[in-house]
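[1] Sequence below, structure please.
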Amino acid sequence: MIVVGNITVGGTGKTPFVSYITKRFLSHGIKVGIISRGYKRHENNLVEVLPDSNVESAGDEALMLKHQTSCPVVVATSRFEAASYLKEKYKPDVIISDDGLQHYKLPRNIEIVIVDGEREFGNGRCLPAGPLREPVSRLKSSDIVVCNGENQNYEYQYSRVSDDVVSLKKDVSEKSLESFRGATVHAIAGIGHPKRFFTMLENAGIKTITHPFDDHHYYSRSDIEFNDDLPIFMTEKDAVKCMLIAKENTWYVPMSIVPNEKLDERLAQLIEDIR
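    Below is the predicted model of the structure:
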């Protein structure tokens, strides 16, 4: 069991990292299953996520993981029950828990903690006085601490890059991000740290009219309708909730993880240990 989590509230990049290591494990012939609570979904029962599952029953992140990895994904209030279901039905070589670092009833062999390289730990205080779920000292007992972004305080780091954007209305329709340089777009993000998405677009030379929403926001048509014909850009996590209500010229921006050399080596060793 590998638990990928964090010690802060808000998005640090856990789910994209789960997707990345899952695909990396699969490429080496390792059978993977993923478990998640399915935060803010509308059901509390155990659900095996299928490609055509609805986001209300599966949750946005779990459905995105299913689309990205095609491996078994199970959501349940009890991650222990989700893991038991996976073991019995699929017998995976490894189970990865998306979040759950503080779910101590869940046995784990490896803990990977993701840290936001820009925000880190805020004022360093635990809830409700600060953004921490647990004290910073908790990192010392974790196996691997990974920084999302550049920060000299961390040995293991990764960056996120995108080369293309994908149409929500035509699955095979792609354009390069570069082709939108100089254009003005509506940028939508219902993630833990929307500013990261907006900054990425601006760094690519795209002018943004920003529309931040709460993490895991469920969209209505009015949320993504504007009185103009400008392109609409959103994250892949938002896109799984907007497929049926999006209009033409709506795009999501898939992101790829690029590990630094130290993280690449550490993950290669982890793969060898699992095999």
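[2] For the one residue sitting closest to the centre of the chain, give me phi and psi.
    Taking C-alpha atoms, centre = their mean, the centroid of the chain lies closest to T15, which sits 2.7 Å from it. In terms of degrees, to the nearest 10, the main-chain angles of T15 are phi -60, psi -50.
[3] Distance check, it against G192.
    10 Å (C-beta to C-beta, to the nearest Å). In this view, the C-beta of every residue, glycine as well, is placed from N, C-alpha and C.
[4] could you pull out the helices for the protein?
    14-26, 55-58, 60-69, 79-90, 194-203, 236-242, 261-274 (DSSP state H).
[5] quick one: contacts for E118?
    Counting by C-beta atoms under 8 Å, 6 or more residues apart in numbering, E118 touches 149, 151, 196.
[6] Just give me the closest of those residues to S36.
    Ranked by distance to S36 (C-beta to C-beta), the contacts of E118 are led by R196 at 21.2 Å.
[7] Tell me how many other residues crowd the closest one.
    Neighbour count for R196, taken as other C-beta atoms under 10 Å: 20.
[8] quick revisit: could I get the contacts of E118 in JSON lines, plus columns for distance to K247 and pLDDT?
    Rendered in JSON lines, the data for those read as follows (distance: C-beta to C-beta, whole Å; pLDDT from 0 to 100):
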{"residue": "G149", "distance to K247": "33", "pLDDT": "91"}
{"residue": "N151", "distance to K247": "39", "pLDDT": "91"}
{"residue": "R196", "distance to K247": "25", "pLDDT": "90"}
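[9] now those residues in a markdown table, with distance to E134?
    Below are the contacts of E118 laid out as a markdown table (distance: C-beta to C-beta, whole Å):
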| residue | distance to E134 |
| --- | --- |
| G149 | 21 |
| N151 | 20 |
| R196 | 23 |
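[10] Report how many residues lie close to D229.
    8.
[11] In this structure it contacts E248, no?
    No - contact between D229 and E248 fails when scored by C-beta atoms under 8 Å: they sit 9.3 Å apart.
[12] Leaving out chain neighbours, which residue sits closest to L270?
    I110 (7.1 Å; C-beta to C-beta, 6 or more residues apart in numbering).
[13] any idea of the pLDDT on the spatially closest residue to D229 that is not a sequence neighbour?
    On the basis of C-beta to C-beta, 6+ apart, the spatially nearest residue to D229 that is not a chain neighbour turns out to be N249, at 7.0 Å. pLDDT recorded at N249 is 91.
[14] Could I get the phi/psi values of N249?
    Taking degrees, to the nearest 10 as the convention, N249 sits at phi 70, psi 30.
[15] mind listing the strands for the stretch 151-275 of the chain?
    With DSSP state E, counting those that start in this stretch as the criterion, the stretch 151-275 of the chain has strands at 156-161, 164-167, 174-176, 184-189, 207-212, 232-235, 250-253, 256-259.
[16] Among the contacts of E118, which one sits closest to Y158?
    Distances from Y158 to these, taken by C-beta to C-beta, are shortest for G149, at 8.1 Å.
[17] tell me the contacts of the residue lying closest to that closest one once chain neighbours are set aside?
    Leaving aside its sequence neighbours, G149 sits nearest to G117 (C-beta to C-beta, 6+ apart; 3.0 Å). Residues near G117 by C-beta under 8 Å, 6+ apart: 147-151, 154, 157.
[18] Next one: G117 from Q157, what distance?
    From G117 across to Q157, the span is 7 Å (C-beta to C-beta).
[19] Same question for D99.
    21 Å.
[20] hmm, back to that, quick one: the residue nearest to L270 and D273, what's the gap?
    9 Å.
[21] ok, these two, which is more surrounded?
    I110 (16 against 9).
[22] Bridged to that one, which residues?
    Partner residues in beta bridges with I110, using DSSP bridges, are I2.
[23] wait, what's in contact with it?
    Contacts of I110 (C-beta under 8 Å, 6+ apart): 1-3, 143-144, 270.
[24] re the thing from before, right, so the strands of the stretch 151-275 of the chain: which one is the most enclosed?
    Across those, averaging neighbours per residue (mean count of other C-beta atoms under 10 Å) puts strand 232-235 on top, at a mean of 25.
[25] Relative to the whole chain's centre, how far out is it?
    On the basis of C-alpha atoms, centre = their mean, to the nearest Å, strand 232-235 sits 15 Å off its chain's mean C-alpha point.
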